[in-house]
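Chemist: Turn this into a model:
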Amino acid sequence: MSEIIKNRYEFVILFDVENGNPNGDPDAGNLPRIDPESGYGIVTDVCIKRKIRNYVEAVKEEEEGYKIYINEDVPLNRSDNTAYEYLKTNEKEIKELKKKDPDVDKKIRDFMCGNFFDIRTFGAVMTTFVKAALNCGQVRGPVQLGFARSIDPVVSQEVTITRVAITTEKDAENKSTEMGRKNIIPYALYRMEGYISANLARKVTGFTEDDLELLWEAIINMFEIDHSAARGKMAVRELIIFKHSKESGDCPAYKLFDAVEVRKHEDVIYPRKYQDYSVEIHEDQIPETVEISRKI
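Modeler: Predicted structure coming up:
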């Protein structure tokens, strides 16, 4: 078994989209998410976590210790019940078991963290255990992501499309094509920042060095197994990692994030490719005890 991580980390992800919708807003007709005041594009942390989960699920294929808790078509209660089965109990008998064994909360938490990669990584709210008044229903994960925001303001374009497949027999009598629409962003480069707490890894979930390497691999490749016509061309362009020398860290996270400067070239008015930007890390702003690495 790999060792639990001992160092705090911060990281910056740069990814881009070309002629696609990176993260539609269901409350706005699935239009690309845009800050209405500034015009900057937004991608939620939940969207990126979903892609990381999908990658891990694809490469690990239900390998022991790498199941995915937040999963399509799998009710959360079904996954929660595996912990009850492990303890040879059920939802009705768990309160009696807790009276006999005060450590039952920790046993359930450790079982769920040990079996589900995304709980061990991001944490989870496990409603089954919350309803049973157990003290393990809410798990804080060591890995946290903020929202991604585009480097420059974006413009959403509505593109009209046609198809020759008619939905109903009645419509087929009157027309040979149907019209549709899709909303795209011609190009945008997004920046997302993340945090990894070695303290929470040690005290709560047991997030290991092997888990960390899998996380980096998943971030780098998260769009490679998740392509779709709606999202267009998406790719992770940079993964910049800051490794502190100790569990509590060597400096505030914002100082490390401020040291990463992404700017558009002066001669570019409308960026349409990653090469229209430059990425510079101001190492003089970073403590010597913080190790910098660029995975891409």
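
Chemist: Next, count neighbours for Thr162.
Modeler: 9 (other C-beta atoms under 10 Å). Yep, even glycine has a C-beta here, placed from its N, CA and C like the rest.

Chemist: Could you say which helix or strand holds it?
Modeler: strand 157-163 (DSSP states H and E).

Chemist: now swap in Ile42 and tell me
Modeler: Assigned by DSSP H and E, Ile42 falls within strand 40-43.

Chemist: Need the residues that contact the helix or strand following that strand.
Modeler: Downstream of strand 40-43, the next assigned helix or strand under DSSP H and E is helix 45-60. The contact list for helix 45-60 (C-beta atoms under 8 Å, 6 or more residues apart in numbering) reads 13, 22-23, 66, 68, 70-71, 117-118, 121-122, 144-148, 192, 214-215, 217-219, 221-223, 225-226.

Chemist: Out of those residues, which end up buried?
Modeler: Among the contacts of helix 45-60, those buried by neighbour count (16 or more other C-beta atoms under 10 Å) are 13, 22-23, 66, 68, 70-71, 117-118, 121-122, 144-145, 147-148, 192, 214-215, 218-219, 221-223.

Chemist: Please enumerate the strands of this protein.
Modeler: 9-20, 24-25, 31-32, 40-43, 123-125, 138-140, 143-145, 148-153, 157-163, 178-196, 233-243, 260-264, 277-281, 291-294 (DSSP state E).

Chemist: gap between the residue nearest in space to the middle of the chain and Ser245?
Modeler: Against the mean C-alpha coordinate of the chain, by C-alpha atoms, centre = their mean, the closest residue is Lys49 at 2.0 Å. To Ser245, Lys49 is 28 Å away according to C-beta to C-beta, to the nearest Å.

Chemist: where does the stretch 1-150 of the chain dip in pLDDT?
Modeler: 1 (pLDDT under 70).

Chemist: The stretch 151-296 of the chain too?
Modeler: 173, 176, 178.

Chemist: 80 instead?
Modeler: Applying pLDDT under 80 to the stretch 151-296 of the chain flags residues 160-161, 163-181.

Chemist: before we move on, the earlier item: ranking the strands of the chain by mean neighbour count, which comes first?
Modeler: strand 9-20 (a mean of 22; mean count of other C-beta atoms under 10 Å).

Chemist: what angle sits between that one and strand 260-264?
Modeler: Angle, strand 9-20 to strand 260-264, by axes from the mean of the first three to the mean of the last three C-alpha atoms, to 10 degrees: 20 degrees.

Chemist: tell me the angle of strand 9-20 relative to strand 148-153?
Modeler: Interaxial angle of strand 9-20 relative to strand 148-153 (the same axes, to 10 degrees): 60 degrees.

Chemist: Tell me which strands strand 9-20 pairs with, and in which orientation.
Modeler: Strand 9-20 sits in its sheet next to strand 178-196 (antiparallel), strand 233-243 (antiparallel), going by DSSP bridges.

Chemist: Ok, which of those comes nearest His265?
Modeler: With C-beta to C-beta as the criterion, His265 lies closest to strand 178-196 of the strands paired with strand 9-20, at 12.1 Å.

Chemist: I'd like to know how many residues surround Ala230.
Modeler: Neighbours of Ala230 using other C-beta under 10 Å come to 13.

Chemist: OK, contacts around it?
Modeler: By C-beta under 8 Å, 6+ apart, the neighbours of Ala230 are Gly20, Asn21, Gly24, Lys182.

Chemist: let's see it at 7 Å
Modeler: Gly20, Asn21, Lys182 (C-beta atoms under 7 Å, 6 or more residues apart in numbering).

Chemist: That one and Asp73, how far apart?
Modeler: Counting by C-beta to C-beta, the gap from Ala230 to Asp73 is 21 Å.

Chemist: State the number of residues packed around Glu96.
Modeler: 10.

Chemist: would you list the strands of the chain in TSV and tack on distance to Gly249?
Modeler: TSV is the format used below for those (distance: least, C-beta to C-beta, whole Å):
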stretch	distance to Gly249
strand 9-20	8
strand 24-25	34
strand 31-32	35
strand 40-43	26
strand 123-125	19
strand 138-140	17
strand 143-145	14
strand 148-153	23
strand 157-163	42
strand 178-196	10
strand 233-243	9
strand 260-264	17
strand 277-281	18
strand 291-294	12
